[in-house]
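Colleague: Below are the sequence and a predicted model; questions follow.
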Amino acid sequence: MTTAEHEVRIAPEGIAGDLVIPDRATGIVLFAHGSGSSRHSPRNRYVAQALNRAGFGTLLLDLLTPAEEQVDAASGDLVFDVKLLANRLLYATDWLVREAKARNTPIGYFGASTGAAAALLASTRRPTQVRAVVSRGGRPDLAGEALRNVAAPTLLIVGSRDPQVLKLNQQAISQLGAEKALHIVPRATHLFEEPGALEQVADLARDWFAAHMS
């Protein structure tokens with residue numbers, strides 16, 4: 001049975017999140033969105049709901065505050081500040097670990113766009129807690145040298161019709177030091193809007209987390 005979603009605020013910056021923890025959750029996946037998106041992203045919500053049905057908890061996050069999002073709308077700089085986004089993800093991870101319902105529960109990260117780099121970087125700071133990482137149309141290359149220090153099994157999912165991002169993922173996966181896989185979704189573009197594409201993403205993410213967080 002899935003419990004109701006409720007909004008949370010996470011110190012010290014007061015970033016917002018939407019938390020769902022099913023009864024007897026087998027793990028909790030934190031979602032780090034990227035440029036031009038938010039915790040209300042229909043794509044991330046679709047994946048989160050599929051994970052909830054499979055018995056995983058989810059925490060959809062806004063890694064920037066509303067004031068920062070206004071600044072970023074003009075400059076576009078903050079969503080590419082991977083260290084800032086990773087630190088915010090770590091705040092959320094530490095907050096989650098302190099929550100009674102989440103204590104001793106395996107944690108995974110799901111990152112999209114620049115959020116994927118933030119997830120990979122953050123995972124190197126919590127190697128015993130973060131059991132798996134999944135990237136959807138992500139920019140893992142932005143994690144730089146931290147890729148070699150990633151211990152969490154990592155799945156990179158890219159659309160076949162997203163050539164620039166596919167090339168960057170192919171370069172990044174060769175640098176990852178952990179168990180890794182690259183799955184190319186046929187005929188899918190960057191946002192996976194094609195019929196059946198997002199369903200494949202959800203299935204792949206569910207299976208990856210199930211394999212590595214049980």
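Modeller: Perfect, thanks for sending it.
Colleague: what's the residue closest to the geometric middle of this protein?
Modeller: Ranked by distance to the mean C-alpha position of the chain (CA atoms, centre = their mean), the top residue is residue 110 at 2.1 Å.
Colleague: which phi and psi does that residue have?
Modeller: phi -120, psi 120 (degrees, to the nearest 10).
Colleague: show me where pLDDT drops low in the protein?
Modeller: For the chain, the stretches with pLDDT under 70 are 1-2, 35-37, 72-77, 100.
Colleague: if we go to 90?
Modeller: Within the chain, the stretches with pLDDT under 90 are 1-6, 11-14, 22-24, 33-42, 64-80, 98-104, 177-178, 214.
Colleague: who touches the helix or strand where residue 207 lies?
Modeller: Element membership of residue 207, judged by DSSP states H and E, is helix 197-213. With contact meaning CB atoms under 8 Å, 6 or more residues apart in numbering, helix 197-213 is reached by 26-27, 29, 43, 46-47, 50-51, 54, 56, 106-108, 110, 131-132, 134, 136, 152-153, 155, 157, 159, 181, 183, 185, 187-188, 192. For the C-beta atoms, the positions are set from N, CA and C on the backbone; glycine is no exception.
Colleague: for stretch 182-192, same thing?
Modeller: So stretch 182-192 is in contact with 43, 136-137, 155-162, 165-166, 169-170, 173, 194, 197-198, 200-201, 204, going by CB under 8 Å, 6+ apart.
Colleague: before we move on, the earlier item: against residue 210, how distant is the residue nearest to the centre of the chain?
Modeller: Relative to residue 210, residue 110 is positioned 13 Å away (CB to CB, to the nearest Å).
Colleague: Likewise for residue 93?
Modeller: Counting by CB to CB, the gap from residue 93 to residue 210 is 20 Å.
Colleague: quick one: contacts for the residue nearest to the centre of the chain?
Modeller: Counting by CB under 8 Å, 6+ apart, residue 110 touches 29, 30, 31, 32, 44, 47, 119, 133, 134, 135, 136, 205.
Colleague: The second one should be in a strand, yeah?
Modeller: The reference is to residue 30. Yes: counting by DSSP: H, G, I helix; E, B strand; the rest coil, residue 30 is part of a strand.
Colleague: How many residues are close by it?
Modeller: As a burial measure, residue 30 scores 24 neighbours (other CB atoms under 10 Å).
Colleague: Just the helices from the chain, written as ranges.
Modeller: Assigned helices in the chain, in chain order: 42-53, 66-75, 82-98, 114-125, 163-173, 197-213 (criterion: DSSP state H).
Colleague: just those: most buried one?
Modeller: Sort the helices of the chain by mean neighbour count, taking mean count of other CB atoms under 10 Å, and helix 114-125 sits at the top with a mean of 28.
Colleague: So which elements touch it?
Modeller: Counting contacts by 3 or more CB pairs under 8 Å, 6 or more residues apart in numbering; DSSP states H and E, helix 114-125 packs against strand 28-32, helix 82-98, strand 107-112, strand 130-136.
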